[in-house]
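Enquirer: A predicted structure for the sequence below; I have some questions about it.
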Amino acid sequence: MTYEIALAGNPNVGKSTVFNALTGLKQHTGNWTGKTVELCTGVFEFNGNIFHITDLPGTYSMRSYSREESVSQKYLSENEPDCVIIVADSNVIERNLSYALEILAIQRQAVLCLNMNDEATRNGTVINTELLSKELGIPVLKTCAVKKSGLEKLKRTVLEICKKEPEVQNAPFTDSFPDNHALSALFLSKTSKEICEKCVSYRKNDERSGKLDRILTSKATGIPIMLALFALLFWITAVGANYPSEWLSAFFAFIKEKLYAFSDYVHAPGFVSGILIDGVYTTLSWVVSVMLPPMAIFFPMFSIIEDSGYLPRIAFNLDKFFSRCGANGKQSLSMCLVPDCRYLSLFCR
Ligand SMILES: Nc1nc2c(ncn2[C@@H]2O[C@H](COP(=O)(O)OP(=O)(O)OP(=O)(O)O)[C@@H](O)[C@H]2O)c(=O)[nH]1
Ligand SMILES: [Mg+2]
């Protein structure tokens, strides 16, 4: 049999990581919100069945207005997949449940995938999946997509759901909740809070990450820490890149001498050696020696910051400033990347 399934959920919860793990494809993933902006489809096989799976852009609500979020909204409202895998971040389950409830209002053929279970366990978040499953009326299971754990069970559950006849007719979204955005959001956030109170408990060590979060995002310390961190990143890149840059320049100059010697040896016409050695080779070697070292230092360091989960905190800190010029905090990522190759290269010479 062939089935259509979809991956939906809030941004940055690991939908594309689940997608890649299921399909073996290489959809773009990263630790900031808004990476997937279009529908992305793939195929996987399980127990002789073919699943066409669509990775949707992350969205916070069925009534979002940004372009990428409306792509998901439109897909879920207009299509009737055989199963929706609602991916949620186990660390912030309450916030994720609001959107899960909105999806369940129009699509009962669904499974809730509590992803990032590794981090939640480390942070002391304990989720009673059986109780949560009873509350929501759909299967709930835990996964850790980066380690590909829990995915076999997910595939089995998806197959069971796809084989089942829908119990109730899926209703259009507007019939299920008050049409007013603020009202429906309020209604759902109360509902999700109640469910979480019953099904989720937090052990002590969760407080540590809460404290860290307060320091990194508070008004007094959030921005100074961010500026200090980026100044340090910029300084290490600019100063550190000078050494490999000099070595590369010396190496390319050595090769250039050899190329001149070779061109004399074969009696190449002056204009040919001028074009090839003084033009093409000199320009290329200059670009490589100036641009490569800062990039080789900046991007690995930036990846470490990304993996630590600090980028969404930066987006949060800068959201107010960005919104004053009609943008939002998510765009701060592009701002962080501005001092990369071009600007750093100016400092490195
Ligand atoms: N620790 C941990 N990290 C995960 C897990 N699954 C995904 N990630 C990381 O979470 C980040 C976000 O993953 P994505 O798959 O890009 O998230 P997404 O939901 O597709 O995000 P959008 O496309 O922006 O909506 C990446 O850095 C992943 O490596 C997990 O189970 N555990
Ligand atoms: Mg994605």
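Expert: Structure's in. What do you need? Just so we're clear, the structure is a prediction, and the values are computed from it rather than from any experiment. Ligands and ions are numbered 1, 2, ... in the order given.

Enquirer: alpha carbons only for contacts and neighbour counts from here, please
Expert: Fine.

Enquirer: quick one: mean pLDDT for stretch 146-156?
Expert: Throughout stretch 146-156, pLDDT has a mean value of 95.

Enquirer: give me the buried positions along it.
Expert: 149-151, 154-155 (16 or more other CA atoms under 10 Å).

Enquirer: ok, these vs His267, which is closest?
Expert: His267 lies nearest to Ser149 out of those, by CA to CA, at 64.9 Å.

Enquirer: that closest one contacts Thr143, doesn't it?
Expert: Yes - look at Ser149 against Thr143 with CA atoms under 8 Å: they come within range, at 5.6 Å.

Enquirer: and which of the buried residues of stretch 146-156 is nearest ligand 1?
Expert: Using CA to the nearest ligand atom, Ser149 is the member of those that sits closest to ligand 1, with 8.1 Å.

Enquirer: any figure for the gap between that closest one and Ile314?
Expert: Separation of Ser149 from Ile314 (CA to CA, to the nearest Å): 30 Å.

Enquirer: and this structure, which residues reach ligand 2?
Expert: 16, 36 (CA under 5 Å from the ion).

Enquirer: show me the chain divided up by domain.
Expert: Listed by automatic domain parsing, the domain ranges of the chain are 2-203, 216-348.

Enquirer: span of the first one from start to end?
Expert: Start-to-end span of domain 2-203 (CA to CA) is 43 Å.

Enquirer: quick one: distance of it to the chain centre.
Expert: Relative to the mean C-alpha coordinate of its chain, domain 2-203 is positioned 15 Å out (CA atoms, centre = their mean, to the nearest Å).

Enquirer: what packs against the lengthiest helix in the chain?
Expert: When the chain is parsed with DSSP state H, its longest helix is helix 222-265. Secondary-structure packing of helix 222-265 (3 or more CA pairs under 8 Å, 6 or more residues apart in numbering; DSSP states H and E): helix 206-217, helix 282-307, helix 310-323, helix 341-348.

Enquirer: average pLDDT for it?
Expert: Here the average pLDDT along helix 222-265 is 92.
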